[in-house]
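1. Next input, structure requested:
(one chain, ligands or ions: 1)
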Amino acid sequence: MKDQFSLIIGGQALAGDRGTFKVLNPATEEVLAECPFASPEQVDQAVKAAEEAFKSWQYSSDDERTAALNAIADKFEAHAEELAEIITLEQGKPLDLARFEVGGAVAWTRYTASLEIPVEVIEDSDVRRAELHRKPLGVVGSITPWNWPLMIAIWHVMPAIRTGNTVVVKPSSMTPFNTLRMVELMNEVLPAGVINIVTGEGGIGSSMVKHEGIRKIVFTGSTPTGQNIMRNAADNLKRLTLELGGNDAGIVLPDADIDKLAPAIFQSAFINMGQTCAALKRLYVHDSQYDALVDKLAELARAQKVGPGLDAGVTFGPVQNRDQFELVEALVEDARRNGARIVAGGERVGDRGYFYAPTIVADITDGTRLVDEEQFGPALPVIRYSDVEDAIRRANDNPNGLGGSVWGSDIEQAKQVASRLESGTAWINNHAEVLPHCPFGGCKMSGIGTEFGLDGLLEYTQSQLLNISKG
Ligand code: NAD
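-> I've put the predicted structure just below:
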């Protein structure tokens, strides 16, 4: 990884007015590199650059935008190893998972490039023709978290640019370098000012949310920050897409083939060391298979090779930062104190880096913090139930509503249970799979709005009705 990065505003590489801040490598707790620290004045400069670029980008043709996104995807492919290494160094995930993230970023970019912005003919009669057109909004502000930093930035910026908007992006201060590199590469393709980047802490995000030149904020992160953004966005009535926290439940039905499904259940809970918004975070298992499934999950947990993401053979990296590590530790300790059984893990690994062993917690129930709160880390509570109706009620008895899953052999029965989950996505015999063509979003406290597919694309547009009189 190179050791110097710059803000990019209006196509220019700039130092941060506030100097730099340190970014740590979570595998060593040592400083990885210094990141430019932008000032609120530089946020303003970035918005002005994006406004200037919008004057012409909004009128660029569909073909031009599609070609630009495909050229960007080519750049990402050509720099895939470099991007993956940056992700592992600052985020912590094993290199193969970082490669998967870069692959996802390329796939989402190409898919977004291929989408067509529809013109809907609502009426074409002797009296009038009514056509619904979609126009870009203006400057879009993107604020991203630290768990899938490159992929989520792509989810935000590609549909914005595809629909003719210009962008100011602010990555998490814990994982800024992959996005700084992403914006550098994008600036090799796009006209100056179409995408700009400012780096800093939450205050920089807040300056963006309050800036009257930004017409929409797309935010992925925690629910409290999302609520704060919604309050601040009210002053100039910004459009919002908020993808927030989740506490996804999975229900294993009595007829589930647990020998076959256990690896998928494990994977969907522990993907990215459990730091995935729509990971499986509470598992409800029927009495009849409870002990057997707990044993299988514990076996899979113990088989993980925990270590630095760049080391060969490592399957499980560190938690990304100290706060998250301490939260996971505190939730597991709270469960232990309240009589839960730690079947695998339940402790730190080594004395350097935020390594926490993949942890399976049994004999635990609702009302315990590890079940009720989002752990966002490598500890899965497994909860016993005897009545499916009761399991559905408990799965829904949570303020979050991002995803949920049902695991069983009778697909019709599984579908009936899945359709009763209060969640934006309900998976059957799967969990946490997101796809560029399938709309994704949360209900209840998990967010507002939709990403992906045509529905997601249109969230970056303002509709305009053309009413053509034939009288
Ligand atoms: P976070 O809310 O702490 O930070 C996210 C981003 O917001 C960072 O860039 C941060 O600097 C910025 N920010 C902080 N305060 C701000 C403010 N007042 N105004 C504007 N911006 C501000 O979240 P995190 O800890 O980085 O991410 C973890 C959380 O994100 C988890 O709750 C997880 O479930 C959620 N998440 C949700 C999804 C989804 O699609 N629903 C995806 C990934 C993560």
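2. can you list the residues of the protein near the ligand?
-> Within the chain, the positions lying close to the ligand (CB under 6 Å from any ligand atom) are 143-147, 170, 172-173, 201-202, 205-206, 209, 220-222, 225, 228-229, 243-246, 277, 374, 376, 402, 442, 447. For glycine as for every other residue, the C-beta is placed from the backbone atoms N, C-alpha and C.
3. now do 5 Å
-> Applying the criterion CB under 5 Å from any ligand atom, the portion of the chain that neighbours the ligand consists of 143, 145-146, 172, 202, 205-206, 220-222, 225, 228, 243, 245, 277.
4. for whichever residue of the stretch 1-150 of the chain sits closest to the ligand, what are its contacts?
-> Residue nearest to the ligand within the stretch 1-150 of the chain (CB to the nearest ligand atom): P145, separated by 3.1 Å. In this structure, P145 makes contact with 152, 172, 220-222, judged by CB atoms under 8 Å, 6 or more residues apart in numbering.
5. sec struct for it, please.
-> For P145, the reduced secondary structure class is coil; criterion used: DSSP: H, G, I helix; E, B strand; the rest coil.
6. Skipping adjacent residues, who's closest to it in space?
-> Counting by CB to CB, 6 or more residues apart in numbering, the nearest residue to P145 once its immediate chain neighbours are dropped is G221, at 4.4 Å.
7. buried subset of the contacts of P145?
-> 152, 172, 220-221 (16 or more other CB atoms under 10 Å).
8. out of those residues, which are inside helices?
-> Secondary structure assignment (DSSP state H) places I152 from these within helices.
9. Please convert the buried ones among the contacts of P145 to TSV, extending it with pLDDT.
-> Formatted as TSV, the entries for the buried ones among the contacts of P145 read as follows, by pLDDT from 0 to 100:
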residue	pLDDT
I152	98
S172	98
T220	98
G221	98
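10. Now render the buried ones among the contacts of P145 as CSV, adding distance to F76.
-> Compiled in CSV, those are given as follows (distance: CB to CB, whole Å):
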residue, distance to F76
I152, 15
S172, 20
T220, 19
G221, 23
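11. The ligand: which of the buried ones among the contacts of P145 is nearest?
-> Nearest to the ligand among the buried ones among the contacts of P145, counting by CB to the nearest ligand atom, is G221 at 2.8 Å.
12. The closest one: what's it in contact with?
-> G221 makes contact with 143-145, 172, 243-244 under the criterion CB under 8 Å, 6+ apart.
13. quick one: secondary structure of E90?
-> The three-state label for E90, taken from three-state DSSP, comes out as helix.
14. what about it, neighbour count?
-> Each residue near E90 was counted by other CB atoms under 10 Å, and the total is 27.
15. Same question for K470.
-> Taking other CB under 10 Å as the definition, K470 ends up with a neighbour count of 9.
16. Test my guess that it contacts D124.
-> No - using CB atoms under 8 Å, K470 is not in contact with D124, being 9.2 Å away.
17. domains of the protein?
-> The chain breaks down into these domains under automatic domain parsing: 7-244+446-468, 248-435.
18. for the protein, longest helix please?
-> Determined from DSSP H, the single longest helix within the chain is helix 95-114.
19. who does the next helix or strand after it pair up with?
-> Scanning forward in sequence from helix 95-114 by DSSP states H and E, the next helix or strand is strand 120-124. Here strand 120-124 has these sheet partners by DSSP bridges: strand 128-136 (antiparallel).
20. Okay, buried residues for the partner strand please.
-> Applying 16+ other CB under 10 Å to strand 128-136 flags 134, 136 as buried.
21. How far off centre is that strand?
-> Mean-position distance between strand 128-136 and its chain equals 32 Å (CA atoms, centre = their mean, to the nearest Å).
22. that older thread, any chance of the contacts of P145 in TSV with distance to R394 as columns?
-> Shown next, in TSV, are the contacts of P145 (distance: CB to CB, whole Å):
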residue	distance to R394
I152	30
S172	32
T220	27
G221	27
S222	23
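23. Sort out for me which of the residues you listed are in strands.
-> Judged by DSSP state E, the contacts of P145 include T220 as members of strands.
24. Dump stretch 405-421 to CSV, restricted to CA.
-> Taking C-alpha atoms only, stretch 405-421 is exported to CSV below (Å, rounded to 0.1, in the frame of the first residue of the first chain):
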residue,chain,number,x,y,z
SER,A,405,-34.2,-16.3,7.5
VAL,A,406,-36.0,-19.6,7.7
TRP,A,407,-34.2,-23.0,7.4
GLY,A,408,-36.3,-26.1,6.6
SER,A,409,-37.0,-28.9,4.1
ASP,A,410,-40.6,-28.1,3.3
ILE,A,411,-40.2,-25.0,1.2
GLU,A,412,-43.9,-24.1,1.2
GLN,A,413,-44.0,-24.1,5.0
ALA,A,414,-40.7,-22.2,5.1
LYS,A,415,-42.2,-19.6,2.8
GLN,A,416,-45.2,-19.2,5.0
VAL,A,417,-43.0,-18.5,8.0
ALA,A,418,-40.6,-16.3,6.0
SER,A,419,-43.5,-14.1,4.8
ARG,A,420,-44.4,-13.4,8.4
LEU,A,421,-41.0,-12.0,9.3
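25. so which residue of the stretch 101-250 of the chain comes closest to the ligand?
-> When distances are taken as CB to the nearest ligand atom, the stretch 101-250 of the chain approaches the ligand most closely through G205, which lies 2.3 Å from it.
26. which strands and helices sit next to the helix or strand hosting that residue?
-> For G205, the element it lies in under DSSP H and E is helix 202-210. Contact analysis of helix 202-210 by 3 or more CB pairs under 8 Å, 6 or more residues apart in numbering; DSSP states H and E lists helix 40-57, strand 139-143, strand 166-170, strand 214-220, helix 223-233 as its packing neighbours.
27. Quick one: the ones you listed as TSV, columns for distance to Q4 too.
-> As requested, the helices and strands packed on helix 202-210 are arranged in TSV below (distance: least, CB to CB, whole Å):
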stretch	distance to Q4
helix 40-57	17
strand 139-143	23
strand 166-170	19
strand 214-220	27
helix 223-233	29
